[in-house]
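[1] this one's sequence-less:
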């Protein structure tokens, strides 16, 4: 949620509830107006029944999966999530689904438990993009 709000408002808010939201945002890219619809789902809600997750996957055109560099568990669940997304989206068509893995909390490097190299290697092995960021910065 912090990363989504930072993208939408350019502000950092550190505390969030455990709620899921859909945001809409217009952005001009290369002279073209782009309308983003962002379905922000906290990790705790992603573990619910498969039909809800399947609905979210079918709704989306691309995916940004965020983990905390300070939380190994949030990183370790990514391969399964990505396989689930690819099976659901690419099984219907031959098009590659755009997926980006984002390691957040780069500013908390002293608490890091997932290295940048691990994130890059995972993204490479699963044919995803990769970035490390800090929503706070």
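    Alright, I've got the coordinates. Please read these numbers as outputs of a predicted model, since none were measured by experiment. Residues are numbered from 1 along each chain as shown.
[2] Hmm, residue 78 is touching residue 123, no?
    No: applying CB atoms under 8 Å, one finds residue 78 not in contact with residue 123, separated by 9.1 Å. Every C-beta, even on glycine, is put in place using the N, C-alpha and C of the backbone.
[3] Find residues that contact each of those two.
    Any residue near both residue 78 and residue 123 by CB atoms under 8 Å, 6 or more residues apart in numbering counts here, and that gives residue 101.
[4] Give the residue spans of the protein that score low on pLDDT.
    Counting by pLDDT under 70, the chain contains low-confidence ranges at 1, 14-19, 43-51, 91-94.
[5] what are the bridge partners for the residue positioned nearest the centre of it, then?
    Centroid check for the chain by CA atoms, centre = their mean gives residue 65 as the closest residue, at 2.2 Å. Beta bridges link residue 65 to residue 101, judged by DSSP bridges.
[6] OK, contacts around it?
    78, 81-82, 99-102.
[7] Recalculate using a threshold of 7 Å.
    Residue 65 is in contact with 78, 81-82, 99, 101, counting by CB atoms under 7 Å, 6 or more residues apart in numbering.
[8] Quote the end-to-end distance of stretch 73-83.
    Across stretch 73-83, the terminal residues are separated by 17 Å (CA to CA, to the nearest Å).
[9] which residues are in contact with that stretch?
    Contacts of stretch 73-83 (CB under 7 Å, 6+ apart): 43, 65, 67-68, 99, 101, 114, 122, 126, 128.
[10] make it 10 Å
    43, 46-47, 53, 57, 63, 65-69, 97, 99, 101, 103-105, 113-115, 118-119, 122-123, 125-128 (CB atoms under 10 Å, 6 or more residues apart in numbering).
[11] returning to what we had before: residue 28: which of the contacts of residue 65 is nearest?
    residue 99 (24.4 Å; CB to CB).
[12] most surrounded residue in the contacts of residue 65?
    residue 101 (23 neighbours; other CB atoms under 10 Å).
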